[in-house]
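> below: sequence and its predicted model.
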Amino acid sequence: MARPALEVAAGILRDAGGRVLLARRPPGKPLAGLWEFPGGKLDEHEDAFAALARELREELGIIARAGRPLLTCSHELGDRRLRLHAWTVDDWSGEPQALEGQELAWHGVHALDNQPMPAPDWPIAAALRLPPRYAITPEPGADPDAFARRLDRLLAHGGQVVQLRTRSLDDVAHAAVATRAALAARRHGADLLLNDRAHLAARLGVGLHLPSARLRDWAQGAGDPQDGREAWLPRGSDGRIDVGAALEAGATAPARLRRQARGWLAASCHDADELRMAARIGCDFATLAPVALTASHPGATPLGWARAGALLANASLPVYALGGLGADDLPRAQAQGAFGVAAIRAFWPD
Ligand SMILES: Nc1nc2c([nH]c(=O)n2[C@H]2C[C@H](O)[C@@H](COP(=O)(O)OP(=O)(O)OP(=O)(O)O)O2)c(=O)[nH]1
Ligand SMILES: [Mg+2]
């Protein structure tokens, strides 16, 4: 019989400048020398926040009073599963002290990728830089100026992560729209991802969102070798693209291993298999669709929340629920284990 999952709570503590506290696992412990979020194992009958408050008292001498779940991910850890519950601690008192001989350090969220962390912490580091909404553009249509104006209005909201999704444009027209979108994103400090244009995304220094068919090709090493994956996937010590290299314990975040480009790598997933592939090739996040009925994919059978919830509970990266959802669905999506909600129609300005 499979052993029950190891449940661990990890706390996100921020200083006045927004930097996050990391603790270095001391010599003699498993994963010694790696930087983690302070916390530890749940005792029997203890919920995640109670365990976290206890661990923070024992390890750091602080009193945690209130927190919010940020992300729960599930990972294979040898012969058992690790469920890591990351909580943002909003209200705490005391000055963190290293009561167990661990080193402590505060880092900005953009510097976390450079710290050697246990692999299960990478999705948490990504989640700290991701918003709860992931906006996907509709087709640009015949009027690129009108499209650019609406995109600009969306980006002006601040902190946006947006996927440029076009299927209708030829390469030249697409490159023009994408270049303009990349400039607009840079101007607004937003993060752009191109749908399925790996070469262009790497050239523009923006992120890449893989459709599920491309994800499958990349995860299986199949498909067209000219499709640009070398800019996005890590190489093994023999110089060959190695989709597993991103997940070696003790390595730094996939973002650093993978690429010179600074954008996100994400993928469209519809089932457990694809969610596993996305994590395996080092995606930073994924979408899971279709959760509900959606006008953009009328033929697709929705997963429904029960099925989606079961898939989300086992995911090992941040996942946005997608398909017929809007901002109002965020609480429900998060209660079902999603990190956030992705949408085309709901987030596109009129
Ligand atoms: N606290 C914490 N543990 C993590 C993180 N990432 C990660 O993979 N883990 C793993 C490492 C361990 O397998 C497990 C936590 O075990 P632990 O030994 O720190 O647990 P604990 O604080 O309760 O310590 P102890 O009572 O066993 O001494 O979770 C993280 O960010 N924080
Ligand atoms: Mg601990």
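Now that the structure is in, tell me what you want to look at. Numbers count the residues shown, from 1 in each chain. Ligands and ions are numbered 1, 2, ... in the order given.
> what's the burial count for Glu139?
13 (other CB atoms under 10 Å). (Each C-beta comes from the backbone N, C-alpha and C, glycine too.)
> tell me the secondary structure at it.
Secondary structure for Glu139, judged by DSSP: H, G, I helix; E, B strand; the rest coil, is coil.
> any idea which element the closest residue to ligand 1 within the chain lies in?
Residue nearest to ligand 1 within the chain: Gly40 (2.3 Å; CB to the nearest ligand atom). Using DSSP states H and E, Gly40 sits in strand 39-41.
> what packs against that strand?
Counting contacts by 3 or more CB pairs under 8 Å, 6 or more residues apart in numbering; DSSP states H and E, strand 39-41 is packed against strand 6-12, helix 48-60.
> in TSV: these, plus distance to ligand 1 and mean neighbour count.
Converted to TSV, the helices and strands packed on strand 39-41 look like this (distance: least, CB to the nearest ligand atom, whole Å; neighbours: other CB atoms under 10 Å):
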stretch	distance to ligand 1	mean neighbour count
strand 6-12	4	23
helix 48-60	6	20
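> mind putting the ones you listed in TSV, mean pLDDT included?
Converted to TSV, the helices and strands packed on strand 39-41 look like this (pLDDT from 0 to 100):
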stretch	mean pLDDT
strand 6-12	97
helix 48-60	98
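> which of the residues in stretch 120-131 are buried?
Pro120, Asp121, Trp122, Pro123, Ile124, Ala125, Ala126, Ala127, Leu128, Leu130, Pro131 (16 or more other CB atoms under 10 Å).
> you'd agree the second one is in a strand?
In other words, Asp121. No: counting by three-state DSSP, Asp121 is not found in a strand; it is helix.
> which non-adjacent residue is nearest it?
Distance criterion CB to CB, 6 or more residues apart in numbering; nearest residue to Asp121, sequence neighbours excluded, is Glu36 at 6.0 Å.
> next up, the contacts around the one you found.
Ala10, Leu22, Ala23, Arg24, Arg25, Met117, Pro118, Asp121 (CB atoms under 8 Å, 6 or more residues apart in numbering).
> how about Ser296?
Contacts of Ser296 by CB under 8 Å, 6+ apart are Pro138, Ile344, Arg345.
> and the second one, what is it in contact with?
Same thing as Ile344. So Ile344 contacts Ala135, Ile136, Thr137, Pro138, Arg165, Ser296 (CB under 8 Å, 6+ apart).
> tally of neighbours for Ala346?
16.
> show the pLDDT at it.
If you check Ala346, the pLDDT there is 94.
> just to be sure, it is in a helix?
Yes: counting by three-state DSSP, Ala346 is part of a helix.
> and stretch 17-32, C-alpha only, in CSV?
Extracted in CSV, the C-alpha atoms of stretch 17-32 (Å, rounded to 0.1, in the frame of the first residue of the first chain):
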residue,chain,number,x,y,z
GLY,A,17,10.7,46.0,1.4
GLY,A,18,8.7,43.0,0.2
ARG,A,19,11.7,40.6,0.4
VAL,A,20,11.0,37.0,1.3
LEU,A,21,12.7,35.1,4.1
LEU,A,22,14.6,31.9,3.2
ALA,A,23,16.2,29.5,5.6
ARG,A,24,19.2,27.3,4.8
ARG,A,25,18.7,23.7,5.7
PRO,A,26,21.5,22.9,8.2
PRO,A,27,24.1,20.2,7.8
GLY,A,28,23.0,16.7,8.8
LYS,A,29,19.4,17.2,7.5
PRO,A,30,18.2,15.9,4.1
LEU,A,31,18.8,18.5,1.4
ALA,A,32,21.4,20.2,3.6
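> so what touches that stretch?
11-15, 33-38, 59-60, 96, 98, 100-109, 112, 115, 117-118, 128, 249-250.
> select only the buried ones of those in ChimeraX?
The following ChimeraX command selects only the buried members of the contacts of stretch 17-32, with burial defined by 16+ other CB under 10 Å:
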select :11,12,13,14,34,35,36,37,38,59,60,96,102,107,109,112,115,117,118,128
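> among the contacts of stretch 17-32, which lie within strands?
Gly11, Ile12, Trp35, Glu36, Leu104, Ala105, Trp106, His107 (DSSP state E).
> which SS class is the spatially closest residue to Arg153 that is not a sequence neighbour?
With sequence-adjacent residues excluded and distances taken as CB to CB, 6+ apart, Arg153 is closest to Pro349, at 4.4 Å. When classified by three-state DSSP, Pro349 comes out as coil.
> quick one: contacts for Pro349?
Pro349 neighbours (CB under 8 Å, 6+ apart): Arg150, Arg153, Leu154.
> tally of neighbours for Arg307?
13.
> just to be sure, it is in a helix?
Yes: counting by three-state DSSP, Arg307 is part of a helix.
> any idea which residue sits dead centre in this protein?
Against the mean C-alpha coordinate of the chain, by CA atoms, centre = their mean, the closest residue is Phe285 at 3.4 Å.
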